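[1] attaching a predicted model along with its sequence, questions to come.
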Amino acid sequence: MTPGLIIAAPASGTGKTTVMLGLLAALRARGLQVQPFKNGPDYIDPAFHQAASGRASVNLDTWAMGPEMLEGLVSSAEGADLILAEGSMGLFDGVAVKGASGNGAAADLAALMGWPVVLVVDVSGQAQTAAAVAQGLARFRAGVTVAGVILNRVASPRHEALIRHGMEEAGLRVLGALPKKAAIAMPERHLGLVQAEELPGLTEMIAAAGALMAEGVDLDALIACAASRSVAAPVPRITPPGQRIALARDRAFSFVYPHLLQGWQRAGAEVLPFSPLADEAPDATADVCWLPGGYPELYGGVLAGADRFRAGLRAFAETKPVHGECGGYMAMGAALVDKDGIRHRMAGLLGLVTSFEKRKMHLGYRLARLGTGIPGHGAGGRLAGHEFHYSTILDQPDAPLADVTDANGAAVAETGSTRLQAGGGLSTGTFFHLISEAS
């Protein structure tokens, strides 16, 4: 089994993603094949992982995915020399109620896969206290092994010496020390990091991060820390939404979980990408259209003026199923109001009207029982997913698609919508992004 490590941290904002990308680049420069994974439902980081490693990164989510699915996805790393999985938030941060195989925390994934943890600790503003924090994490849960720490944002040699002394007293191995390098900090947007394709200097930034890791981290020691337990599960079978899938794919519609795309293609489905921003219509020979999430609110005017896209989508939807997730759902609606209060016409397959003028965050896992089927999943099916957006519903006149609850079992008002078109085509949409079928 390919040995692995989880790159985790005490909290968000420690520089974990920059360290992850730098390690992928530095190890790749050594000629190693490193398979990246991302813990949790984040759909932006995997694209950065792929840019740095040259290998497709896949989300692993212990709340939404059962052990067999997780193990099957990890088994796809065979042939790689090393696995690096990036954690989410803090090492033990997850939801309160356990899901399919855990609560979504990186620690659950570490325990399940037998991957030791490398802690990225932001040591700015502290010295030996950083060792106390790291020691607490190392002792918090049996079955989770902290192999060592990488000190990030070190101010000076004296600062580093103090922290190393504290770590030695705490019995923790320092695998590296990194100075403050604001020039390679990852830029942010209202949904977290910007998308990989939006960064014109991404290649240079990854190279700079790789050089920093090669200089500041003992890569041989880090590799030697990797371990894994034996996993023999088959790659999971994922039901595609159709045989020929017209998939919206551009800067406004880019949030598709990699394991779903891979699963659709493994099942023999053909993916036919098209760009609404380029005013392209879905391929009329496809048997289903899928509109993923993304940032349609940033391109409201462009989408409103994309007459060929809108007419083609409406013609397609008359007789065939169309499904949208989050941003794709909004684009299927009647209108979208941007942050400046400007109302933009959308496709009109559904009556949904959403607004970003008054932002309200909607974030969390979702469990849905479908009242009406969506492409690939019949009525009554249970789906696990994740919702993250800042839009407000102004109007939602269509029939609800599903009964939706959060990770704690509380009802969620965003039920999704469904409408049968005049020609028999079914249009459906949800605010959550599908991760897997739920048991």
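    That came through, no problem. Numbers count the residues shown, from 1 in each chain.

[2] what's near enough to touch Ser53?
    Contact analysis of Ser53 by CB atoms under 8 Å, 6 or more residues apart in numbering lists 24-25, 28, 34-36. Bear in mind the C-beta positions are built from the backbone N, C-alpha and C, glycine included.

[3] ignore the last one, His377
    239, 370, 383, 437.

[4] give me phi/psi at the most far-flung residue of the chain relative to its centre?
    What lies farthest from the middle of the chain is Arg158; by CA atoms, centre = their mean that is 38.1 Å. In terms of degrees, to the nearest 10, the main-chain angles of Arg158 are phi -60, psi -40.

[5] if we can go back for a sec, can you flag the buried ones in the contacts of His377?
    Burial by neighbour count, 16 or more other CB atoms under 10 Å: within the contacts of His377 this picks out 370, 383, 437.

[6] go through those and flag which are in strands.
    If you go by DSSP state E, these have 370, 383, 437 in strands.

[7] who's the first one bridged to?
    The one in question is Leu370. Beta-bridge pairing for Leu370 (DSSP bridges): Ala402.

[8] please apply the same query to Ile150.
    Bridge pairing for Ile150 - DSSP bridges - gives Val120, Gly176.

[9] what sits against Ile163?
    Ile163 neighbours (CB under 8 Å, 6+ apart): 123, 127-128, 130-131, 151, 154, 174, 177.

[10] taking these one by one, which sit in helices?
    When those are checked against helices (DSSP state H), the matches are 130-131.

[11] of the contacts of Ile163 - the most surrounded one?
    Sorting those by how many neighbours each has (other CB atoms under 10 Å) puts Val123 first, at 28 neighbours.

[12] what's the closest non-adjacent residue to it?
    Excluding its sequence neighbours, the residue lying closest to Val123 (CB to CB, 6 or more residues apart in numbering) is Ala130, at 4.6 Å.

[13] quick one: that neighbour and Glu169 touch, right?
    No: if you go by CB atoms under 8 Å, Ala130 and Glu169 don't touch, sitting 11.7 Å apart.

[14] counting by contacts, list what the helix or strand where Met213 lies packs against.
    Using DSSP states H and E, Met213 maps to helix 202-216. Packing contacts for helix 202-216, counted by 3 or more CB pairs under 8 Å, 6 or more residues apart in numbering; DSSP states H and E, involve helix 16-29, helix 45-53, strand 174-179.

[15] so, low pLDDT: which residues of the stretch 151-300 of the chain?
    182-200 (pLDDT under 70).

[16] ok, which stretches of it are strands?
    For the stretch 151-300 of the chain, the strands defined by DSSP state E, counting those that start in this stretch cover 174-179, 188-189, 192-193, 244-248, 270-274, 288-291.

[17] and the one helix or strand Arg314 maps to with strand 244-248, angle?
    According to DSSP H and E, Arg314 maps onto helix 307-319. If you take axes from the mean of the first three to the mean of the last three CA atoms, to 10 degrees, helix 307-319 sits at 140 degrees to strand 244-248.

[18] who touches helix 307-319?
    246, 276, 279-282, 284, 286, 289, 303, 322, 346-349, 421-425, 427.

[19] list the contacts of Ala111.
    Taking CB under 8 Å, 6+ apart, we find Ala111 in contact with 141, 143-144.

[20] now Ala281
    Taking CB under 8 Å, 6+ apart, we find Ala281 in contact with 274, 308-309, 311-313, 315-316.

[21] before we move on, what about Lys98?
    Trp63.

[22] sec struct for it, please.
    coil (DSSP: H, G, I helix; E, B strand; the rest coil).

[23] do you know how far it is from Trp63?
    Lys98 sits 8 Å away from Trp63, going by CB to CB, to the nearest Å.

[24] before we move on, what about Gly376?
    21 Å.

[25] and for Cys225?
    Distance from Cys225 to Trp63, by CB to CB: 27 Å.

[26] more neighbours, those two?
    Trp63 (24 against 19).
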